[in-house]
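Undergrad: Here is my input; please provide its structure:
(2 chains)
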Amino acid sequence: MSAQDKIPLGTGKFFQEDVLKETKKVYAGMLLASKNLSLYPPGHSIPVKSIKQFHQTLEAYLQKYEYLRLEIERNRIVSLDEEISSEPHEEGTLPFTLFRDGIRWIEFNQGIDLEEIKSFLTIVNQHMILSSEPEGDIVTNIWEAQFSHIQYDVADFFVNADGEMKDSISSFKAELDLTEPGEKNLGEKPYDRQPEIDPVALILSEQEQEQLQEMIHFEEEADFSSYVNALLDILLLYRDEESFRTILEVLSEEFTGTLAREEFDISLKIVWGLRKIVEQYRKQMPWAVPIAENFFQKASDVDSLSPILQTWNHINAEQTDILEQIFKYLDGQAIRTLALLLADGASQRKKQILSDSIIVLAGKNMRPLEDLLDHSDEKLVDNLIPIIVQLEKEKSLHYLMKLLHRDSSLIREKAIREIMDRGLVPLREVFEWIDDPDEVVRRLVMRQLGKKRDSVIEALFLAYLGNTTFQKDQADHVMVCFKTLGRCGSLRSIPYLREILLNRKWLPGFWRALYRRGAVVALEALSIPESEQLLDKARRSLHPSLRIVFRDLSRENQKKKGDR
Amino acid sequence: MADFQSTLARSGQEFLKFLYRLINTVRIYRDNNHLIRKGVGELKGVMDSLSGGDDISVHLWRGRFHIRGERLQYRRDLSSIINGMVAFFTQRTIGQIIFFNASKNVSTEDFVAVIRLLNDSVMSADPPAWFEEKILEHGFSWVQVIRKQDEELSVKAVSLEDERYEKARSTYIHAVDTVREVAQKACKGIVGVRKTRRLAQNIVDLVREDNSLMLGLASIKDYDDYTYTHSVNVALLATCLGRQINMSDISLEYLSVCGLLHDLGKVGVSKDVLHKQGELSMGEWDQMKAHPLIGVRKILRLNAPHKLRSRIILGPFEHHLNPDMSGYPRTIFMDKISLIGKILRISDVYEALTAQRAYRARAYAPDEALRKMWSERGQKFDPILLKSFIRMMGIYPVGSMVELSDGNFALIMDYPEESRNDLPLVLLLVNDGKGNLIRGDMVYLADQVAKGGSPSLNVVRGIEPTRFGIQAAEFFLHEK
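TA: Below is the predicted model of the structure:
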């Protein structure tokens, strides 16, 4: 539509000044709406209100004048040969944004609705904040938006720098058929004469029309599965490293993209298909295998899998099942993301999926799990312990043992408990940890050893206490050993404890007092009739040194109670 | 007043759309077809809301439609309909059609009869008079046709057409340049797709405005730059076919980009192989077969947004695959060909058959190519799309050189809507006395009616224009 087609303003109906004033008002409303749209989040009341206001102003204008055409110049907007607004020729201004991509004028027509205005301003804003986009431009976005009431004109994109258009069409010369030069009649060698086409046969039946509509619908609503299938086929056909890498780069982007769009079935297709291809290539093209493995490593890192961190808690059961399959095709690197998901809290079913997946992935590559155990915080490691114990016995023990030296006592305790509960280490070996240099490990081991009556542990303690020569600074340790003996011991300990308590007068004073105290503590912890009888007997002893032991212990106990 | 105007604008556009659709539907189907009944229902529905109890006048004035006295604003997506309606009025020298208020009570059969009369009036020497006579005969007093009054209409229409032809012409030239540029740059590194996209958008706009013009352009053959002109021609043909089957504009944009880039991989194939006369060796054939793959690699390296990239890979990859997935490249993961791939396949083969190639004695004439493709429908081409393609092209496509029943040669220039795709507008080619064929008159075969009412001049067969050293598109563009 040319400008001359519609010149209601030229009829003398309106004063130019009034029209300009109103045009400026509409333009100001547009700028305000545009600005608010860029400043506030989607759906916020302020941009909604200002778009509404702009729409009202524009509608009133269009009812009166039929259309609003804004001519775009380098640094200003013009309407009816008058400047409406001028702004510096720089990024972020409306004239610059429109002018940069060659828009010559924009025209708003009657019937424009709120949605159209909003879409238009959104496109404009998007391009105002972007510097020149190599991939697309504002013209493309406006073209694709198919506005019904916004028209525009674009400078010829293909005009040469000198403004001249090259005309090479006249140089397209037909050539005579050189195979039969000079022949000017129709005596050419005929191809096999095909039967004539019956025009009636060209009419589409209703069924064919439906099939055609289906084809169009499928094309226009298509997800990315056909595209991914094609990429996999292409990958299978390439025989050179460079092309192989190119496709894998694209597939890598697609993988993360499909995860972000929650098109998990397509993500699955990518990793499944690629594993299949790698298997096929393993013998034919061994060079391709490390490149493909590199894809899996990249696809398994936290960056690639990060979209799942946002969606894991709201996806449905079917999607979760697909993700479970995806996880199993990935590299061990994925354990990092899965551990984060695990720490995030989720349903039991989802936890189970994560746990199973981590076990499978750790089977391929333990390193990421090791790193996590070494460097993650208490909560994350705590979540991993139930998974570690499901690994093969040796691996499980290896990691639990490592956890014995974590800062967190909670983790160390859990590790010890798991080791002992699951019998991962023979008791004799566990018992040796009571001499561990780490006081906390010693204490935790003691606590575990003293959890129940156990004749083996009892025997080990009796032997340990009977045969070990302690240093004076181990007095506390000795006391803990006695106490633990009391907790895990039985009647069999009574003779040894009686001996210490009532005899052994040959021991030096410090050691005699310490052992006696230990025996009392052990007997109290044993808490069986025989131990009670022995304690009664000791309490009634005529030896002051023995009574002092009870007195001191009683004071200590009272003090502890008071402290609590 | 404002409400009335916006209702008028909306309903007016709908009215023209439904009228245009009905005009074309009655050309194809019998009266009892459900599409015809539906079409009449839609048209009468919008007439109810448009009339407000008054008569409805559709007036073509200076190339613009006015309905009930108000000038109609055009939406971009209606441009082909508007152009079609302008042509419909112009060919019949109709200035105005008035549907009187009583028209809302007429039967579907009567309505269809009037539309058929309007269609058929073009066969008469004086369509408005013929139409008046016929409606009197049938007693259709609820409709009236007024002859075109001013001659400016045609002047205006011509200037708009000139503008369009110039745009089409420059788009074609730049399309060839752009494909060449992308192909050359893609070999060296990353290239943007902005230019290709804009070009595709221009093609879509032009196809929407004038399908036949773009089909005519698609007959340009330049054997020096064959790969590039072939690509542009395929893009034009494919976009026209996409438009024919009502794909959305955005899909048409993708389709057009696919057409432009579908043979990018051939740039990597040596010219010796591309232009080899005779059979290719196994190695050479492998090279040829690799071109879709090489093309895909180049497209993937284009700096294209994700969505665009995902939509422009399939077509170029699939354009040598048959519906049953035979052909090349072989596939394992894919189980069906995309619509874009199927369209490209048809457009590519048609364009290639009608071009002079080193490996065969001569090019197929357009009608010959269509017949050959028709004989391979189902095996090599999707039959539904091929039907649509041949319907769009006409059995003798626009740009074809043909022999007429009087022995003269002519170029097919257009198929007016009412011609049922068998009575085209042709440009006669006459002998200049030195053995060369030059431009003669333009003739509507539909106007050449013998006394019995049947056409006196027919197309007998297609001719391969390069045998006469003729570049059909040159004639086509100049005449247009």
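Undergrad: helices or strands next to whichever helix or strand B:Leu206 is part of in the packing?
TA: Element membership for B:Leu206, per DSSP states H and E: helix B:194-209. For helix B:194-209, the packing partners by 3 or more CB pairs under 8 Å, 6 or more residues apart in numbering or on different chains; DSSP states H and E come out as helix A:138-145, helix B:79-91, helix B:152-188, helix B:211-217, helix B:226-244, helix B:249-261. All C-beta atoms are positioned from the backbone trio N, CA, C, and that covers glycine.
Undergrad: Helix or strand next in line after the second one, which one?
TA: Right, helix B:79-91. strand B:94-99.
Undergrad: For that following strand, which strands pair with it and how are they oriented?
TA: Paired strands of strand B:94-99, with direction, are strand B:56-61 (antiparallel), strand B:143-147 (antiparallel) (DSSP bridges).
Undergrad: Which parts of chain B are strands?
TA: Taking DSSP state E as the test, the strands found in chain B are B:56-61, B:64-67, B:70-71, B:94-99, B:143-147, B:401-404, B:409-414, B:425-431, B:437-444, B:459-463.
Undergrad: Tell me which residues of the last one come out buried.
TA: Translated: strand B:459-463. Of the residues in strand B:459-463, B:459, B:462-463 count as buried by neighbour count, 16 or more other CB atoms under 10 Å in any protein chain shown.
Undergrad: do it and chain A meet at all?
TA: Yes. Using CB under 8 Å from any CB of the partner chain, strand B:459-463 reaches chain A at B:Ile463.
Undergrad: What is that strand packed up against?
TA: Against strand B:459-463 (3+ CB pairs under 8 Å, 6+ apart) you get helix B:366-375, strand B:401-404, strand B:409-414.
Undergrad: A:Gly92 is nearest to which of the helices and strands packed on helix B:194-209?
TA: When the helices and strands packed on helix B:194-209 are compared by CB to CB, helix A:138-145 sits nearest A:Gly92, at 13.6 Å.
Undergrad: need the next SSE after that closest one, C-terminal direction.
TA: Going down the chain from helix A:138-145, the next helix or strand is strand A:150-154, by DSSP H and E.
Undergrad: That next one close to chain B?
TA: Yes. Counting by CB under 8 Å from any CB, contacts between strand A:150-154 and chain B involve A:Gln151.
Undergrad: for that strand, packing partners?
TA: Using 3+ CB pairs under 8 Å, 6+ apart: strand A:150-154 touches strand A:103-109, helix A:138-145.
Undergrad: Any chance of these in CSV with mean neighbour count, distance to chain B and mean pLDDT as columns?
TA: Formatted as CSV, these follow (neighbours: other CB atoms under 10 Å in any protein chain shown; distance: least, CB to the nearest CB, whole Å; pLDDT from 0 to 100):
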stretch, mean neighbour count, distance to chain B, mean pLDDT
strand A:103-109, 19, 6, 88
helix A:138-145, 20, 5, 88
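Undergrad: For the stretch 351-500 of chain A, which segments are assigned as strands?
TA: Counting by DSSP state E, counting those that start in this stretch, one finds no strands in the stretch 351-500 of chain A.
Undergrad: Need the contact partners of stretch A:373-382.
TA: A:339-340, A:342-343, A:372, A:384, A:388, A:399, A:402-403, A:406, A:408, A:410-411, A:414 (CB atoms under 8 Å, 6 or more residues apart in numbering or on different chains).
Undergrad: can you do 7 Å?
TA: Stretch A:373-382 is contacted from outside by A:339, A:343, A:372, A:384, A:399, A:402-403, A:406, A:408, A:410-411, A:414, using CB atoms under 7 Å, 6 or more residues apart in numbering or on different chains.
Undergrad: Take those residues and keep only those in helices.
TA: Counting by DSSP state H, the part of the contacts of stretch A:373-382 found in helices is A:339, A:343, A:372, A:384, A:399, A:402-403, A:410-411, A:414.
Undergrad: Could you pick out the buried ones from those?
TA: Buried subset of the ones in helices among the contacts of stretch A:373-382 (neighbour count, 16+ other CB under 10 Å): A:339, A:343, A:372, A:384, A:399, A:403, A:411, A:414.
Undergrad: if I pick the first one, what's in contact with it?
TA: It stands for A:Ala339. A:358, A:372, A:380, A:383-384.
Undergrad: distance of it from B:Tyr415?
TA: 68 Å (CB to CB, to the nearest Å).
Undergrad: picking that back up, looking at the helices and strands packed on strand A:150-154, which is closest to A:Gly489?
TA: Ranking the helices and strands packed on strand A:150-154 by proximity to A:Gly489 (CB to CB) places helix A:138-145 first, at 81.7 Å.
Undergrad: got a list of what the residue nearest the centre of chain B touches?
TA: In chain B, the residue lying closest to the centroid (CA atoms, centre = their mean) is B:Asn211, at 3.1 Å. Listed by CB under 7 Å, 6+ apart, the contact set of B:Asn211 reads B:240, B:243.
Undergrad: Against B:Gly433, how distant is it?
TA: 37 Å.
Undergrad: For the strands paired with strand B:94-99, state which one has the densest average packing.
TA: Stretch with highest mean neighbour count among the strands paired with strand B:94-99: strand B:56-61 (a mean of 19; mean count of other CB atoms under 10 Å in any protein chain shown).
Undergrad: Go ahead and name everything in contact with it.
TA: Contacts with strand B:56-61, where a contact means CB under 7 Å, 6+ apart, come from B:47, B:50, B:65-68, B:86, B:89, B:95-99, B:153.
Undergrad: domain parsing for the chain?
TA: Since no chain was named, I'll use chain A. With domains defined by automatic domain parsing, chain A comprises A:3-154, A:453-564.
Undergrad: if you could check chain B rather than the one you did, that'd help
TA: As given by automatic domain parsing, the domain ranges for chain B are B:2-150, B:155-393, B:401-479.
Undergrad: And the first one, how far out from the chain middle?
TA: Computed by CA atoms, centre = their mean, to the nearest Å, the separation of domain B:2-150 from the middle of its chain amounts to 23 Å.
Undergrad: Report the mean confidence score over that domain.
TA: Average pLDDT, domain B:2-150: 81.
Undergrad: Was I right to think A:Trp272 contacts A:Tyr329?
TA: Yes. The pair A:Trp272 / A:Tyr329 is scored as a contact, 6.2 Å apart, by CB atoms under 7 Å.
Undergrad: of those two, who's got more company?
TA: Taking neighbours as other CB atoms under 10 Å in any protein chain shown, A:Trp272 and A:Tyr329 compare with A:Tyr329 leading, 20 against 15.
Undergrad: name the element the nearest residue to that one once chain neighbours are set aside belongs to?
TA: Nearest non-adjacent residue to A:Tyr329, counting by CB to CB, 6 or more residues apart in numbering or on different chains: A:Val271, 3.9 Å away. Using DSSP H and E, A:Val271 falls within helix A:264-284.
Undergrad: Which elements pack onto that helix?
TA: Helix A:264-284 sits against helix A:225-237, helix A:241-260, helix A:288-299, helix A:317-329, with contacts defined as 3 or more CB pairs under 7 Å, 6 or more residues apart in numbering or on different chains; DSSP states H and E.
Undergrad: who in the stretch 101-250 of chain B is up against chain A?
TA: Taking CB under 7 Å from any CB of the partner chain as the measure of proximity, the stretch 101-250 of chain B contacts chain A at B:169-170, B:172-174, B:192-195, B:197-198, B:201, B:220-223, B:245-250.
Undergrad: Going by neighbour count, which of those residues are buried?
TA: With burial judged by 16+ other CB under 10 Å, the buried subset of these is B:169-170, B:172-174, B:192-195, B:197-198, B:201, B:220-223, B:245, B:247-250.
Undergrad: So, low pLDDT: which residues of chain A?
TA: By pLDDT under 70, the low-scoring segments of chain A are A:1-16, A:130-136, A:156-193, A:345, A:504-507, A:561, A:563-564.
Undergrad: report the longest helix in it, please.
TA: Per DSSP H, chain A has its longest helix at helix A:16-39.
Undergrad: Between strand A:103-109 and that one, find me the angle.
TA: Computed by axes from the mean of the first three to the mean of the last three CA atoms, to 10 degrees, the angle separating helix A:16-39 from strand A:103-109 equals 100 degrees.
Undergrad: Show the subsequent helix or strand relative to helix A:16-39.
TA: Counting by DSSP H and E, the element after helix A:16-39 in chain order, helix or strand, is helix A:45-65.
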